[in-house]
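In: Provided below for reference: sequence and predicted model.
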Amino acid sequence: MGDFEAIDALLARAGKPVPLPPAEERRALREELNLSRAQLAQALGVGPSTVAGWESGRDPSGEVREKYAYFLEGARTKLAAAAAEDDLAQESEEDVSEDAVRGVPGDAGEGAGQDDDVDVLAVAQPCVLCGQPAHHEVAGYPQHLDPAECAAAAAAAVTADAPPASRLGQQTGPRPRPGGRPAAGVRIVPAGRRVQPADTPDLITSAVATALAEHSGDVEAATAALIKRAIPDAMALLDHSRKGGRYDVIAHPWLPDILRKQTSRGADQVWEARPKWTRPELPPGEHEVTALDINGAYLSALKTHLPIGQLEHSTGDRHDRRRAGVHLITPPVWEHDAVLPNPIGNRDEPGPLWVTEPTLRLLLRLSGPKYGLCDPPEIHESWTSGATEGLLEKFRVALKDARDAAIADGDEVTLEYVKAMYAKFVSTLGESNYNRELYRTDWMHLIRSQAFANLWWKAHRAYDEGLTVVRAMGTDELHVIGDWRAVFEEGRGLTEVKVKDVYVVGAGPYSDPRTEDGGDDA
């Protein structure tokens, strides 16, 4: 090769490195596509630790840099094109029924009773998935009926607007949401067009049978082994129950700072409204108090409005019932502490605070014309996403059915296993090293707050039916005076209560030395 040819070859190879997005966005793009580091590493021909380094701030070089930039640009385009914006909101929600208020679980599964609601649009509108013109409407959302049409339309648009190769890795298409990260889309599928899953295998029964066989029928050893694997088994059950579901869930979304711990051992800024209330004064005379145990509090609370996608910020004193999340509010004055606990729990500090969706909905309901117990809360700002109450319904029903069968059969092994599954599922949704498959701190707060709200409604029901409410603690403890069996059914079912204790108190201020159990009984 001559001197001039060598110089030409050198110039051809020279140039500025392909630009890459910031390290934190690289990880967010991968996670929002539900891809593991190992999967991406295999596609790029590197090791998972190399990908981890790139997501921590190190930059690749050479040909692998171009491949990585190509992946990131493709991921960004795919996620931005699929963003559903505010159209994630599902069917309008009716006001909570009295049965729901009293903790009676619904019978219908996710999307039950819906028709194949596809309409032809007179004028094409942008598809909620790819943004290109679509001629049909699915459940009220413009959308291509065939995923191939959606992919083809999106590919054509990307090809038409494709940037020069030298600009690979720069921002194209819709800009990221607040926080600098794009939100993954959610495909909306009408009931008649959903993929129908095969019969769900009984994962719980098979796991129990295997554990007992492995430990030669030793009940204690089998129970201990099952409890140890409760988290991965719960995630496997959730994954199976989501097959054929209406929505794809973002498992590792970007979260605002209010949902992140302020210190390694501290808490975030969200207030869950956990009650720890004792009636300040009882009527004259001696009274027999019954401490009632609320069954499966966290299991019942899985039926709550959960945000599907990444939380988005908004301001203003307006509540959208089609969305769910956390809200900065100024709570109303509560003037009924002598007979009922404050719906926001025991909080001495005045002023605004961040509360969850169940707490806000509880306050809004109590401020309405039916109850009129307080003024409406003032909403200052919110972090929300389109939501549905049935997101975990199949998961909840599978656990409930296994629990009911275990109680009927006197099967304590399965009962303890199921209890560990739902309790640990809720407790590890946040910043936990034990659950890497689903990181939804917002869900953890909302489910726990729903359990607290359910207990509050039981306290109100007792009060409304003429009982004297003496104490409300955590999620599962309610102390009352009076004929409680005329109000609540006794038993171990989710809609029933058990007697935890019976004791006698005298007149004057109530003071009980018992400590709070704090657990969530099966």
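Out: Cool, the structure landed.

In: Worst mean pLDDT across the helices and strands of this structure, which element?
Out: helix 98-101 (a mean of 41; mean pLDDT, DSSP states H and E).

In: which residue is nearest the centroid of this structure?
Out: By C-alpha atoms, centre = their mean, the mean C-alpha position of the chain lies nearest to W443, the distance being 3.1 Å.

In: which residues touch that one?
Out: 306-307, 429 (C-beta atoms under 8 Å, 6 or more residues apart in numbering). C-beta coordinates here come from the backbone N, C-alpha and C atoms, glycine included.

In: so it sits in a helix?
Out: Yes: using DSSP: H, G, I helix; E, B strand; the rest coil, the assignment for W443 is a helix.

In: For the helix or strand harbouring K424, enumerate the helices and strands it packs against.
Out: Secondary structure assigned from DSSP states H and E places K424 in helix 412-427. In this structure, helix 412-427 makes packing contacts with helix 203-214, helix 219-228, helix 230-241, helix 297-301, helix 393-409, helix 441-464, judged by 3 or more C-beta pairs under 8 Å, 6 or more residues apart in numbering; DSSP states H and E.

In: now stretch 212-226: mean pLDDT?
Out: Averaged across stretch 212-226, the pLDDT comes to 94.

In: from what I can see R347 touches W271, true?
Out: Yes: look at R347 against W271 with C-beta atoms under 8 Å: they come within range, at 6.8 Å.

In: Spit out the residues that contact these two alike.
Out: Shared contacts of R347 and W271, defined by C-beta under 8 Å, 6+ apart, comprise L353.

In: Can you list the buried residues in stretch 401-414?
Out: 402-403, 405-407, 411, 413-414 (16 or more other C-beta atoms under 10 Å).

In: what does stretch 351-371 give?
Out: 352-363, 365-367.

In: got it, and stretch 297-313?
Out: Neighbour-count burial for stretch 297-313 flags 297-312 (criterion: 16+ other C-beta under 10 Å).

In: Now do the same for stretch 376-386: mean pLDDT, whole number.
Out: Taken as a whole, stretch 376-386 has a mean pLDDT of 95.

In: Stretch 265-280 too?
Out: Here the average pLDDT along stretch 265-280 is 88.

In: same question, stretch 440-452
Out: Here the average pLDDT along stretch 440-452 is 94.

In: tell me the contacts of A462?
Out: Here A462 is in contact with 469, 478, 480, 482, 484, 487-488 (C-beta under 8 Å, 6+ apart).

In: Of the residues you listed, which is the most crowded?
Out: Sorting the contacts of A462 by how many neighbours each has (other C-beta atoms under 10 Å) puts L478 first, at 26 neighbours.

In: could you say what helices and strands the host helix or strand of that one packs with?
Out: According to DSSP H and E, L478 maps onto strand 477-481. Identification of packing neighbours for strand 477-481 by 3+ C-beta pairs under 8 Å, 6+ apart yields strand 287-294, helix 441-464, strand 468-473.

In: residues making contact with the next helix or strand after that strand?
Out: Sequence-wise, the next helix or strand downstream of strand 477-481 (DSSP H and E) is strand 497-505. Strand 497-505 is contacted from outside by 282, 286-295, 470, 477-478, 484, 488-492, 512, 514, 517, 521, using C-beta under 8 Å, 6+ apart.
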